[in-house]
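Participant: Just to be clear, the model below is a prediction. Sequence and coordinates:
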Amino acid sequence: MRQNKDKHIVVLKGGWSAERKVSLDSGKACANALKKIGYRVTEVDIKRDLAQLLDALNPKPDIVFNALHGRYGEDGSIPAILNILEIPYTHSGLLPSALAMDKFQAKQLLLSAGIPFPTGTIADRETLACRLPIDPPIVVKPINEGSSVGVQIIRENASFVDFEQWQEGQKLLVEEFIPGRELTVAVMGNKALGVTELQPKSDFYDFEAKYTDGKTVHKCPALIDGNVSAEAMKYAELAHKVLGCRGISRSDFRYNDTAGEPGKLFMLEVNTQPGMTSLSLVPEQAAMAGISFAGLVDWMVKQARFD
């Protein structure tokens, strides 16, 4: 504890992405935990102002805890600045962050490593308005958003598609819809912590289901075939390694067991900056592994470095 008091940590939170509220919650929770275990902590609500960020980092803190979510926070922009300033920071570096944030590029890399994904392609709003490139049911989502922002399921014989949800010219990932269950695996260091099944009370695991208490049931550990559970953890560890992640990551899956178990597993994406709120999945899996929230953030701080 005394050693911690010598360390000054700046927690970056907020930002201006669609996930600002989630980031504020994550940042507050992490800052409070770090304070409780003796670190000197400064919380900074980041604006779209480089001078503000540089001012907050002068004099240099010992470590930056990056609690930003969404574009600009977890796409490599913050690590790029911190690398130049030579300030150690939590989570993944510039390249893994940028790769994972581009869902299509990450998918191509991970497919080449043998990890299964749903069939899909890239399109934009204008293309989709004329013709769907894949027969429904399909899932459409921006290639560079998180927390299910902008995700839409287009089912067979859909009477309405909300094209206004997407911006003109925005790149969208269009994939076949995989029926079955929603699974997630957290990786800490290079080791998977476990498998959680998510049972949303709505049609799918959207933003509201993720961040509203009582909207989703978490089954941790997931009650699925043991071999499938082991496979999900293996793929999550492999994705973490192939992308070059460090610290923590979280891989999301669909598990099609509609014809019975064992079914077929499909990775959806890798998140290099998973949520750290009271409803978040990484702290929950860490707790199941006997790691407290304070222990988790302390470990993350001790892994901090710049590239």
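Facilitator: Good, I have the coordinates. Numbers count the residues shown, from 1 in each chain.

Participant: Spell out, range by range, the strands that occur in the protein.
Facilitator: 8-14, 40-46, 63-66, 120-123, 138-142, 152-154, 172-176, 181-188, 191-200, 216-219, 248-256, 264-271 (DSSP state E).

Participant: Leu82 contacts Val64, correct?
Facilitator: Yes - the criterion here is C-beta atoms under 8 Å, and Leu82 meets it with Val64 at 5.8 Å. In this view, the C-beta of every residue, glycine as well, is placed from N, C-alpha and C.

Participant: about what we covered before: burial-wise, tell me which of the strands of the chain comes out on top.
Facilitator: For the strands of the chain, average neighbour numbers computed from mean count of other C-beta atoms under 10 Å are highest in strand 63-66, which has a mean of 28.

Participant: Give me the most central residue, this structure.
Facilitator: Asn271 (2.8 Å; C-alpha atoms, centre = their mean).

Participant: Distance check, that residue against Gln199.
Facilitator: 19 Å (C-beta to C-beta, to the nearest Å).

Participant: pLDDT value on the closest residue to the residue nearest to the centre of the chain other than its chain neighbours, please?
Facilitator: Using C-beta to C-beta, 6 or more residues apart in numbering and skipping residues adjacent in sequence, the residue nearest Asn271 is Arg250, 4.6 Å away. You'll see Arg250 listed with a pLDDT of 96.

Participant: shouldn't Arg250 be in contact with Glu269?
Facilitator: No - Arg250 is not in contact with Glu269 according to C-beta under 8 Å; the separation is 9.2 Å.

Participant: list residues touching both of Leu82 and Val64?
Facilitator: Common contacts of Leu82 and Val64 (C-beta atoms under 8 Å, 6 or more residues apart in numbering): Pro88, Tyr89.

Participant: Provide a list of residues in contact with Arg48.
Facilitator: Trp16, Tyr72.

Participant: Would you mind measuring from it to Met233?
Facilitator: To Met233, Arg48 is 38 Å away according to C-beta to C-beta.

Participant: same check, this time on Leu94
Facilitator: Distance, Leu94 to Met233, using C-beta to C-beta: 27 Å.

Participant: again, but for Thr277
Facilitator: Relative to Met233, and taking C-beta to C-beta, Thr277 is found at 23 Å.

Participant: What's the local residue count around Leu296?
Facilitator: Neighbouring residues of Leu296 were enumerated by other C-beta atoms under 10 Å; the total is 23.

Participant: Skip the chain neighbours and tell me the closest residue to it.
Facilitator: Nearest non-adjacent residue to Leu296 (C-beta to C-beta, 6+ apart): Ala286, at 4.7 Å.

Participant: Over to His218?
Facilitator: Here the residue nearest His218, using C-beta to C-beta, 6+ apart, is Thr196, at 5.6 Å.

Participant: so how far is Val10 from the closest residue to Ile81 other than its chain neighbours?
Facilitator: Take Ile81 and drop its neighbours on the chain: the residue closest to it by C-beta to C-beta, 6+ apart is Leu53, 6.9 Å away. Noted for Leu53: a distance of 10 Å to Val10, by C-beta to C-beta.

Participant: what residues are shared contacts of the two?
Facilitator: What both Leu53 and Val10 touch, as defined by C-beta under 8 Å, 6+ apart, is the set Val44.

Participant: Domain-wise, how is this structure divided?
Facilitator: With domains defined by automatic domain parsing, the chain comprises 2-91+296-302, 100-117+179-272, 120-176.

Participant: Which of those domains comes out lowest on mean pLDDT?
Facilitator: domain 120-176 (a mean of 79).

Participant: now do the same end-to-end measure for that one.
Facilitator: 6 Å (C-alpha to C-alpha, to the nearest Å).

Participant: list the contacts for the nearest residue to Met188 once chain neighbours are set aside?
Facilitator: Computed as C-beta to C-beta, 6+ apart, the closest residue to Met188 that is not its neighbour in sequence is Ile248, at 5.4 Å. Residues near Ile248 by C-beta under 8 Å, 6+ apart: His91, Ala186, Val187, Met188, Pro274, Val282, Leu296, Met300.
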